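> Here is the input, now give the coordinates:
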Amino acid sequence: MKIKRFSNSLITRLVLFGVFVVVTSAIVRYNILLNFLEDDQAKVAAEQQSTVASYLAQDIGYRILERRHFLERLASQVPPPLLNDRAALLEWLRERQELQPIFARGLFVADGEGLIVLDYPTISGRRALSLAAYADFRKVLGGATVISEPLTSPASRDPILAMLTPLKDADGKIAGVLGGSTELDAPGFLNHLQEARLGPSGSFLLVSPARRLVIASNDPARVFKPLPAPGADGLMDSAMQGYRGNGIAPNAEGVNEIRAFASVPGTAWFVVVRQPLAQALPTVDRMRALIARGGLIQGAGIFLLVVLAYFWFFRPLRRAAALADKMTRGEIPLSPLPVVRRDEVGHLTMAFNGLLTRLKMHQSELQHQAHHDVLTGLPNRVMLADRMEEALARASRLSSGIAVLFLDLDGFKPINDKLGHKAGDQVLQEVARRLRQVARRSDTLARVGGDEFVLLATDLGEPLENGARALAEKCIAAVSEPLWLASAQFHLGVSVGIAVCEGCCGADSLLQAADKAMYDAKASGRGCFVLAPPAAGCNHLPLNAQAGTAGTSRPAGSGHS
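Numbering: from 1, shown residues only. Have a look, this model is predicted:
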């Protein structure tokens, strides 16, 4: 019994803890000093690698932009008559390519449909290839110069980089596409990256985040190989998400590395400079013997200090921690912790209590924001979906019906474009205020899009369509009242789609029916409402799709919403 009491004694534990501190303090100090030296040297090495990565990225960016500017300049110099004379255009390309062979695989021209009609030098299989299937081709037709992601050439099966730029006729219209392509390891392009060296095992990578692919490397085995799967290399995952800088972390093989990341200008690519940590810090091992000569001086006063610290500081703290732990596990409700003393522990307890109060407030705010629109304060799609499910269940249980009014403003876009988004926000807030006055207590008014609102009406009388029409007419009348903005009068309208059912339909299908009816209302002249036809297999009230007569005229000068 005495042995058990002795082993469970706090004094015994404190004494053993003091012995442990004395024995391990020298080791801790040794490791602290060693880690400090290692961190300091690692920072220096990381900064050096960042410099190298930045230089490589700038150099690669320059080589890519050089080709882009050359291609754009070449496209602007093509005489328009040559676009209709392929033989002359081919000769023109030949002269430019031989004069400045900046694209190792030459130049090619595609027509407006994306079909490559000529190239120089001629590469087997390249002509008659179609660019129409590539998303980049659509961008070029829009007038943009595109640097494609590295790909395997359909003609030669070699890894290449292609660039495309529009060709314009005499009227300035896009009549075709001028392209150039080069191998990734072509001389004067990325071959210098493959020849670079960083110590015995350091490496350089050029990475395409879009394809999660190594474009170039001084290790040929890694070229055009995918990166490790997400989660296998945390630092690389951070770089894929936009991190640029340096850091120390284990790679996918578990080896600690110093790595630096730098973006390549003009592209979405980035350069990675890698070096194993052990090889980057050669002097750390030599310093271990010197640091190990530090003294192991500790006094018996540490034991008394530990005991006093426990009795004076730790007991209130441990009690507060135990209560907080129970609150975390849900064993007791969230409530302020008792403050025993007005010292640091008491201050920490009061700070926790304040944090708990703010947490409750923040939780309430988050819950409100998750279910309401920030601009208007109306329920959002999430709350609307919940309310619709509740209303449908209630309607099915009581054999009653509900109506969904999908409202889209007419003439909102011109106001937003002319006066700016701030005025547009004021309009939406005013419209929300007017629609609130139309909605009844049992109804739900929600904002589901930029200028789209949904009014969920329950407890309507029979027949349902009459009550829905009345609500739609009130909404149209309320929105059509003049608006005063910037000392000028503006007019809005609203197109309303109505769908009703007796609770047997799904919320999504009902909302989609109202949405479609709203578009029918817009097609019918705007400023009106349309009743959606009943869905097959659902006990809707008998309705016929028709345009409402109330509020069908739109204010003069109102534009499209």
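> Next, residue 117: secondary structure please.
Taken by DSSP: H, G, I helix; E, B strand; the rest coil, the conformation at residue 117 corresponds to strand.
> any idea how far it lies from residue 93?
Noted for residue 117: a distance of 12 Å to residue 93, by Cβ to Cβ, to the nearest Å. (C-beta placed from N, C-alpha, C; glycine too.)
> One more: residue 219?
For residue 219 relative to residue 93 (Cβ to Cβ), the value is 36 Å.
> Now do stretch 53-61: distance to the chain's middle.
Distance, stretch centre to chain centre, for stretch 53-61: 26 Å (Cα atoms, centre = their mean, to the nearest Å).
> mean confidence for whichever strand or helix holds residue 513?
Element membership for residue 513, per DSSP states H and E: helix 507-523. Averaging pLDDT along helix 507-523 yields 92.
> now do stretch 453-469
Within the predicted structure, the mean pLDDT of stretch 453-469 is 86.
> pull the CA atoms of it into CSV?
Only the C-alpha atoms of stretch 453-469 are listed here, as CSV (Å, rounded to 0.1, in the frame of the first residue of the first chain):
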residue,chain,number,x,y,z
PHE,A,453,-35.9,35.9,-57.0
VAL,A,454,-38.2,33.1,-56.0
LEU,A,455,-41.4,33.5,-54.0
LEU,A,456,-42.7,30.3,-52.4
ALA,A,457,-46.4,30.7,-51.6
THR,A,458,-48.3,28.3,-49.3
ASP,A,459,-51.8,28.2,-47.9
LEU,A,460,-53.3,29.5,-51.1
GLY,A,461,-57.0,29.2,-51.6
GLU,A,462,-58.7,27.1,-54.3
PRO,A,463,-58.1,27.2,-57.1
LEU,A,464,-54.3,27.7,-56.7
GLU,A,465,-53.7,29.4,-60.0
ASN,A,466,-55.9,32.3,-59.0
GLY,A,467,-53.9,33.0,-55.9
ALA,A,468,-50.7,32.6,-57.8
ARG,A,469,-51.9,35.0,-60.5
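> From the structure, what's the count of residues near the nearest residue to residue 88 once chain neighbours are set aside?
With Cβ to Cβ, 6 or more residues apart in numbering as the measure, residue 82 is the residue that lies nearest to residue 88, at 5.1 Å, once sequence neighbours are left out. As a burial measure, the neighbour count of residue 82 was computed by other Cβ atoms under 10 Å and equals 17.
> Was I right to think residue 82 contacts residue 93?
No - between residue 82 and residue 93 there is no contact under Cβ atoms under 8 Å: 9.3 Å.
> Identify the contacts common to residue 117 and residue 93.
Shared between the contact lists of residue 117 and residue 93 (criterion: Cβ atoms under 8 Å, 6 or more residues apart in numbering) are residues residue 109.
> who's more crowded, those two?
In terms of neighbours (other Cβ under 10 Å), residue 93 is the more surrounded of residue 117 and residue 93; the figures are 23 against 15.
> what's the following helix or strand after the helix or strand of the chain with the lowest mean pLDDT?
Across the helices and strands of the chain, the lowest-confidence element by mean pLDDT, DSSP states H and E is helix 2-8, at a mean of 56. Downstream of helix 2-8, the next assigned helix or strand under DSSP H and E is helix 10-77.
> residue contacts, residue 93?
Shown here is residue 93, whose contacts under the criterion Cβ under 8 Å, 6+ apart are 107, 109, 118-120.
> Among those residues, which one sits closest to residue 255?
Proximity of those to residue 255, judged by Cβ to Cβ, is greatest for residue 107, which lies at 44.0 Å.
> so the closest one makes contact with residue 120?
Yes - counting by Cβ under 8 Å, residue 107 sits close enough to residue 120 to count as a contact (5.9 Å).
> So for these two, which residue has more residues nearby?
More crowded of residue 107 and residue 120, by other Cβ under 10 Å: residue 107, with 24 against 19.
> Spatially nearest residue to residue 50 (excluding sequence neighbours)?
Leaving aside its sequence neighbours, residue 50 sits nearest to residue 260 (Cβ to Cβ, 6+ apart; 4.2 Å).
> Distance-wise, check the one you found relative to residue 247.
When distance is defined by Cβ to Cβ, residue 260 is 8 Å away from residue 247.
> got any residues that touch both of those two?
Residues touching both residue 260 and residue 247 comprise residue 46, with contact defined as Cβ under 8 Å, 6+ apart.
> which one of the two has more residues nearby?
Neighbour tally, residue 260 and residue 247, criterion other Cβ under 10 Å: the higher count belongs to residue 260, 26 against 16.
> That one: which element?
For residue 260, the secondary-structure element it belongs to, assigned by DSSP H and E, is strand 256-263.
> What average pLDDT does that strand get?
Along strand 256-263, the predicted local confidence has a mean pLDDT of 89.
> Extract the residue ranges of the stretch 151-300 of the chain that are flagged as low pLDDT.
Counting by pLDDT under 70, the stretch 151-300 of the chain has low-confidence residues at 155-156, 192-200, 280-300.
> can you give me the helices for it?
Using DSSP state H, counting those that start in this stretch, the helices assigned to the stretch 151-300 of the chain run over residues 191-195, 234-240, 277-280, 284-291.
> what packs against the third one?
The helices and strands touching helix 277-280, judged by 3 or more Cβ pairs under 8 Å, 6 or more residues apart in numbering; DSSP states H and E, are helix 10-77, strand 256-263.
> among the ones you listed, which gets the worst mean confidence?
Here the lowest mean pLDDT among the helices and strands packed on helix 277-280 goes to helix 10-77, at a mean of 78.
> List the buried residues in the next helix or strand after that one.
Going down the chain from helix 10-77, the next helix or strand is helix 86-99, by DSSP H and E. Neighbour-count burial for helix 86-99 flags 89-90, 92-93, 96-97 (criterion: 16 or more other Cβ atoms under 10 Å).
> quick one: which of these is nearest residue 475?
The closest of those to residue 475 turns out to be residue 89 (Cβ to Cβ; 61.4 Å).
> give the contact list for the closest residue to that closest one other than its chain neighbours.
In space, and not counting its chain neighbours, residue 89 is closest to residue 82: 4.3 Å by Cβ to Cβ, 6+ apart. For residue 82, the set of contacting residues under the criterion of Cβ under 8 Å, 6+ apart consists of 88-89, 92.
> what's the closest of these to residue 360?
residue 89 (73.1 Å).
> now that closest one: how far from residue 167?
Shown here: residue 89 relative to residue 167, a distance of 9 Å by Cβ to Cβ.
> count of neighbours near residue 527?
By the other Cβ under 10 Å criterion, the neighbourhood of residue 527 contains 26 residues.
> what's the answer for residue 432, then?
If we define neighbours as other Cβ under 10 Å, then residue 432 has 18 of them.
> Now do the spatially closest residue to it that is not a sequence neighbour, the pLDDT please.
Once flanking residues are discounted, residue 432 sits nearest to residue 376: 3.9 Å by Cβ to Cβ, 6+ apart. Listed pLDDT for residue 376 reads 88.
> Could you measure from residue 376 over to residue 475?
In terms of Cβ to Cβ, residue 376 sits 15 Å off from residue 475.
> Between those two, which is the more surrounded one?
More neighbours surround residue 475 than the other of residue 376 and residue 475, with 25 against 21 (other Cβ under 10 Å).
> The more buried one belongs to a helix?
Yes - Residue 475 forms part of a helix when assessed by three-state DSSP.
> Who are the contact partners of the closest residue to it other than its chain neighbours?
Using Cβ to Cβ, 6+ apart and skipping the chain neighbours, the partner closest in space to residue 475 is residue 438 (5.4 Å). Remark: with contacts taken as Cβ under 8 Å, 6+ apart, residue 438 is in contact with 455, 471, 474-475, 478.
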